[in-house]
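[1] My questions are about this predicted structure, shown below with the sequence.
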Amino acid sequence: MIIRPAWADDHDAIRAVVTAAFGQPDEAMLVDALRADGDALVELVVEEEGAIAGHVLFSPLATDTGARFAALAPLSVAPDHQNDGLGVMLMQVGHELCRAAGVEAVIVLGHPAYYPRVGYTAEAALTVTSPFKGPSFMGLALTPGALDAPVTIRYAKAFGA
Ligand SMILES: CC(C)(COP(=O)(O)OP(=O)(O)OC[C@H]1O[C@@H](n2cnc3c(N)ncnc32)[C@H](O)[C@@H]1OP(=O)(O)O)[C@@H](O)C(=O)NCCC(=O)NCCS
């Protein structure tokens, strides 16, 4: 098992994995659009025996404070590789690369019972004003205190949010 940055010749396989994970093409189209717009800040794949089994993308979020935030979306693990820890590993490696790129906090809109296993909480995102809120809207500070002060975020264009 290898986790590595996505390469240009992975794009077809990524499209297939994301579509299979979600059971629809919308999220794969989002990945293509984020990339086309230059908004793939960190994009990783997990390779199992030479085939792509999972994918994650982090895109920049604009903030009114100038703080550097990123959005985690989408996260996809192929159906026949789920529940093997790949999703957690993709996020953990992604967080380290985001941190190295200067990202102070990551925001996710996702399953409220899943993302807390890598540290996201809805409580941490309460300071964040965005088009989204509620238990699925979660945050993770990569730099201590990064989510302490009120901040308004704007998603990359491809989200249409
Ligand atoms: C959600 C997803 C990324 C998880 O990836 P994964 O590699 O299968 O998950 P991991 O192996 O890292 O973690 C498995 C654990 O998460 C739990 N889990 C998986 N999906 C979950 C969900 N939707 N809600 C809550 N818990 C979930 C599993 O029950 C398992 O729990 P356990 O460790 O207590 O047994 C994957 O199932 C997937 O691609 N799903 C379809 C697309 C999707 O929903 N993406 C996320 C959008 S918010």
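    In hand now; what should we look at? Residues are numbered from 1 along each chain as shown.
[2] what does this structure have sitting close to the ligand?
    21-22, 74-77, 82-88, 110-111, 113-114 (C-beta under 6 Å from any ligand atom). Bear in mind the C-beta positions are built from the backbone N, C-alpha and C, glycine included.
[3] Give me the contacts around the helix ranked longest in the chain.
    Secondary structure assigned by DSSP state H gives helix 86-100 as the longest helix of the chain. Applying C-beta atoms under 8 Å, 6 or more residues apart in numbering, the external contacts of helix 86-100 come out as 1, 3, 41-42, 44, 46, 48, 53-56, 58, 70, 72, 75, 77, 106, 114-115, 117-118, 140, 142-143.
[4] Please work out which residues outside the helix or strand just after it touch it.
    Following helix 86-100 in sequence order, the next helix or strand is strand 105-109 (DSSP states H and E). In this structure, residues lying in contact with strand 105-109 by C-beta under 8 Å, 6+ apart are 58, 61, 67, 69-73, 95, 98, 115, 120, 125, 128, 130, 132, 136-143, 146-147, 153.
[5] Emit the PyMOL select command for whichever of those residues are buried.
    Entered in PyMOL, the line below selects the buried ones among these, by 16 or more other C-beta atoms under 10 Å:
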select buried, resi 58+61+67+69+70+71+72+73+95+98+115+120+125+128+130+137+138+139+140+141+142+146+147+153
